[in-house]
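> could you work out the structure for the sequence below:
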Amino acid sequence: MANKILFINQEIYPYVPKSEMSCMGRDLSNKMQENGYEIRTFMPKWGNINERRGQLHEVIRLSGMNLIIDDTDHPLIIKVASIPQTRLQVYFIDNDDFFMKRQMACDESGKEYEDNGERAVFFARGVLETVKKLRWTPDIIHCQGWMSAIVPIYVKLAYSNEPTFANTKIVTSIFKDKLENSIGQNFKKSLELRNVSAETLGAYRDDFDFTELCKLAIDYSDAVIEAEENANTSLIQYAIDNKKDVLRHSADNYIDSYKSLYDKILSAK
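You can find the predicted model right below:
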């Protein structure tokens with residue numbers, strides 16, 4: 001039976017402009033599917049995505065759930081599209097407040113959104129709840145981009161008793177892309193869910209920034225990938241110091257090295 005990989009991406013080309021991360025978001029999922037893995041792929045439905053051109057449509061049976069973040073209800077909307085010239089289907093997490101009318105990390109003036117932390121919380125919970133609804137059990141979850149950085153702690157702690165994720169391994173890719181500003185003093189409170197509490201996050205600074213967010217992802221991941229050359233040397237060193245399996249960047253045939261890493265962490269079950 002084929003191993004199942006859930007790709008949780010911040011960016012996927014052609015829905016957002018070409019970048020190292022958006023091209024990897026497309027190519028990695030597609031190539032792993034071609035290599036016999038069973039794939040599901042998610043990304044946020046950023047406000048700059050053209051729904052008509054991308055042929056997105058809402059999946060009514062998956063939409064309609066309300067996620068409570070910091071005592072506020074946020075309706076979850078799920079959309080889906082297929083990337084042309086591939087067999088790759090992409091699920092989009094949408095919400096009026098967090099995504100529908102807003103760009104990625106920054107507004108049109110280039111200012112980072114003050115609630116980027118809460119947006120990432122909503123995205124992580126939206127993906128995990130949708131995967132549960134799909135009744136699909138991933139062997140590996142591969143997170144790409146800061147927007148997916150909360151997924152590892154949720155899988156390992158908040159969703160650890162869910163049969164869907166009980167045996168799932170986590171891989172986090174580190175890119176050069178980063179946030180410049182704090183994601184808010186209220187971030188720890190918004191992150192609270194089940195047995196993830198402010199006390200759980202005691203080792204992290206109250207004023208969460210990009211580095212703290214990535215450390216949180218690394219701490220609850222089974223393996224870390226340097227997805228670009230010199231992606232972030234301090235974070236890669238942090239992963240090495242914390243005895244994580246680290247795959248260093250290689251421009252040559254990265255698919256084989258990624259497959260080897262997947263096989264290694266799966267064999268450690």
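
> what count of nearby residues applies to the nearest residue to residue 119 once chain neighbours are set aside?
The spatially closest residue to residue 119, leaving aside those adjacent along the chain, is residue 98, at 4.6 Å (Cβ to Cβ, 6 or more residues apart in numbering). The C-beta positions use only the backbone N, C-alpha and C, and glycine is treated the same way. Residue 98 has 25 neighbours, counted by other Cβ atoms under 10 Å.

> surely residue 98 touches residue 117?
No - look at residue 98 against residue 117 with Cβ atoms under 8 Å: they stay out of range, at 11.0 Å.

> what sits closest to the most centrally placed residue in the chain if chain neighbours are left out?
Geometric centre of the chain, nearest residue: residue 148, 2.6 Å, by Cα atoms, centre = their mean. Nearest residue to residue 148, sequence neighbours excluded (Cβ to Cβ, 6+ apart): residue 8, at 4.3 Å.

> which helix or which strand is home to the one you found?
strand 4-9 (DSSP states H and E).

> tell me the helix or strand right after that strand.
Counting by DSSP H and E, the next helix or strand C-terminal to strand 4-9 is helix 20-34.

> output the contacting helices and strands for that next one.
Helices and strands touching helix 20-34, by 3 or more Cβ pairs under 8 Å, 6 or more residues apart in numbering; DSSP states H and E, are strand 4-9, strand 38-44, strand 140-144, helix 254-267.

> could you dump these to CSV with mean pLDDT, mean neighbour count and distance to residue 77?
As requested, the helices and strands packed on helix 20-34 are exported to CSV (pLDDT from 0 to 100; neighbours: other Cβ atoms under 10 Å; distance: least, Cβ to Cβ, whole Å):
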stretch, mean pLDDT, mean neighbour count, distance to residue 77
strand 4-9, 96, 26, 17
strand 38-44, 95, 23, 11
strand 140-144, 96, 26, 22
helix 254-267, 91, 15, 31
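
> before we move on, the earlier item: and the strand holding residue 8 with strand 140-144, angle?
10 degrees (axes from the mean of the first three to the mean of the last three Cα atoms, to 10 degrees).

> residue 28 versus residue 121, what's the distance?
To residue 28, residue 121 is 24 Å away according to Cβ to Cβ, to the nearest Å.

> and residue 178, by the same measure?
Residue 178 is 20 Å from residue 28, by Cβ to Cβ.

> who has more neighbours out of these two?
Neighbours per residue (other Cβ under 10 Å) separate residue 178 from residue 28, with residue 28 holding more: 24 against 16.

> show me what contacts that one?
Neighbour list for residue 28: 7, 142, 144, 255, 258 [criterion: Cβ atoms under 8 Å, 6 or more residues apart in numbering].

> now for the residues you listed: which two are most distant?
Spatially, the most separated pair among those is 144 and 255, at 14.9 Å (Cβ to Cβ).

> quick revisit: what's the distance between the residue nearest to the centre of the chain and residue 121?
Taken as Cβ to Cβ, the span from residue 148 to residue 121 is 11 Å.
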